[in-house]
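Colleague: Sequence and computational prediction follow.
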Amino acid sequence: MAVDRPTIPTRAVRRTLRTAVLRPSWAVLGALAVVFAAGATLPPRLRYAPLALSVVLFGLPHGAVDHLAVPRARGRSPSARAALAVGTLYLVLGAAYAALWAVAPVPAAVGFVALTWLHWGQGDLHAAVALAGADHLRTRAQRGLFVAVRGGLPMLVPLLAFPGEYRRVLSAFVALFGDGSLGAWARLFAPEVRLALGVGFLGLTVASLALGRARTGPDAGGWRVDAGETALLWAYFLTVPPLFAIGAYFPLWHSLRHVARLMLVDDDAADLLADGRWRPALARFARDAAPLTALSLVFLAAFAVAVPGDPRSELGVAALYLVFIAVLTLPHVVVVSAMDRAEGVWRPGHAGR
């Protein structure tokens, strides 16, 4: 049974997290968008650098506290029973999804894109409500529209702007288990299909922002943050090459915001944030995440041995890491959904506003 733990932190905590989490991510992604819009190019190997850093910097570790997250979100102390339940969840769902990759890699790859679309939008919804004061998201339908837009920005916009590289990466996923052919899904990359998807998604974006503005007016702070972030992410994913763009967005936007959420449900870390001390709060997260991050690296090495394809190229290593992340993402989404329920994220006007 869910316990109504307030999602909205105090003004002091929100001020600390805006300084430590929101503003740095805006600055980094904004600067990258400007640099690449001006015509910058990357040496091929540097395209993989942010993704490689995400193995230890926020990306992989952000899910390594799932065994503590749900009890804390419910206002309870973590227990061995809760940890066993999360471990079983990861074992069952992770093994099932890994098996799907082995027998049907194309549906598994497309499913990963769809699952990430949902999850990254879900992560932004909590950040909008808890950190940015998104009082313009006043109904569940509005929040669903917000999730569809925010998740689609990193998953769909790169397909519109860089179809060749997007297809190469998706094929690399599949090539770990088969011949790399995308079958009927290759039609996604046809110009007329991308045009239709782009027009439809742009309409969805405008509808989401216009509905929010109609609810609160242009002067509402939460709406302005939403509009600014949405415009920033459109520009970022239209200009920055996909592997580099996702490699930086994953740890510095999505994962960092989830780490902030984990600090909010850790009472000791939340007290530190209230005093403006985000560094020791972050150190508590790092301490909690270290054991299962290390264990994940052991499983990643075993996964590299188990896949039938050859992942030794740079793109193959990146694909291997992302498919491993995919296997972990399914149970992680279940955990985050349980946190959403405990914190009332989908109940406008209640704990999550």
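Modeller: Here it is on my side, so go on.
Colleague: what's the distance between Ala114 and Gly152?
Modeller: Distance check for Ala114 against Gly152: by Cβ to Cβ, to the nearest Å, it reads 10 Å. Quick note: C-beta positions are derived from backbone N, CA and C, even for glycine.
Colleague: How about Gly63?
Modeller: Counting by Cβ to Cβ - Gly63 and Gly152 are separated by 22 Å.
Colleague: Ala114 and Gly152: which is more packed in?
Modeller: Gly152 (21 against 12; other Cβ atoms under 10 Å).
Colleague: quick one: secondary structure of the more buried one?
Modeller: What DSSP: H, G, I helix; E, B strand; the rest coil gives for Gly152 is helix.
Colleague: Report pLDDT for it.
Modeller: Gly152 is assigned a pLDDT of 98 by the prediction.
Colleague: Could you pull out the strands in the stretch 51-200 of the chain for me?
Modeller: With DSSP state E, counting those that start in this stretch, there are no strands along the stretch 51-200 of the chain.
Colleague: End to end on stretch 183-201, go ahead and measure it.
Modeller: From its first residue to its last, stretch 183-201 covers 24 Å (Cα to Cα, to the nearest Å).
Colleague: Would you mind measuring from the closest residue to Ser79 other than its chain neighbours to Ala95?
Modeller: Among residues not flanking Ser79 along the chain, Pro71 sits closest, at 6.5 Å (Cβ to Cβ, 6 or more residues apart in numbering). To Ala95, Pro71 is 24 Å away according to Cβ to Cβ.
Colleague: higher neighbour count, these two?
Modeller: Neighbour count, other Cβ under 10 Å: between Pro71 and Ala95, Pro71 has more, with 19 against 11.
Colleague: wouldn't the more buried one be in contact with Ala82 here?
Modeller: Yes: the pair Pro71 / Ala82 is scored as a contact, 4.8 Å apart, by Cβ atoms under 8 Å.
Colleague: Next up, the contacts around Leu292.
Modeller: Contacts for Leu292 (Cβ atoms under 8 Å, 6 or more residues apart in numbering) come out as Ala64, Val65, His67.
Colleague: Quick check: Ser337 vs Arg76, distance?
Modeller: The gap separating Ser337 from Arg76 is 18 Å, by Cβ to Cβ.
Colleague: neighbour-wise, which of the two wins?
Modeller: Ser337 (16 against 13).
Colleague: State the phi and psi torsions of that one.
Modeller: phi -60, psi -40 (degrees, to the nearest 10).
Colleague: which parts of stretch 63-75 are buried?
Modeller: Neighbour counts over stretch 63-75 (16 or more other Cβ atoms under 10 Å) mark Gly63, Ala64, Val65, Asp66, His67, Leu68, Ala69, Val70, Pro71, Arg72, Ala73, Arg74 as buried.
Colleague: Show me which of the residues you listed is closest to Thr293.
Modeller: Among these, Ala64 lies closest to Thr293 (Cβ to Cβ), at 4.6 Å.
Colleague: Gly123: which of the contacts of Leu292 is nearest?
Modeller: Among the contacts of Leu292, and counting by Cβ to Cβ, the member closest to Gly123 is Val65, at 14.4 Å.
Colleague: pLDDT on stretch 162-175, on average?
Modeller: In this model, stretch 162-175 carries a mean pLDDT of 95.
Colleague: All further residue positions should be reported with the first residue as 7.
Modeller: Happy to do that; since the first residue is 7 now, the last one works out to stretch 168-181.
Colleague: Tell me which residues of that stretch come out buried.
Modeller: Phe168, Pro169, Glu171, Tyr172, Arg173, Val175, Leu176, Ser177, Ala178, Phe179, Val180, Ala181.
Colleague: again with stretch 42-52
Modeller: Neighbour counts using 16+ other Cβ under 10 Å place Phe42 of stretch 42-52 among the buried residues.
Colleague: which residues touch that stretch?
Modeller: Residues contacting stretch 42-52 (Cβ under 8 Å, 6+ apart): Ala241, Thr245, Val246, Pro247, Phe250, Glu320.
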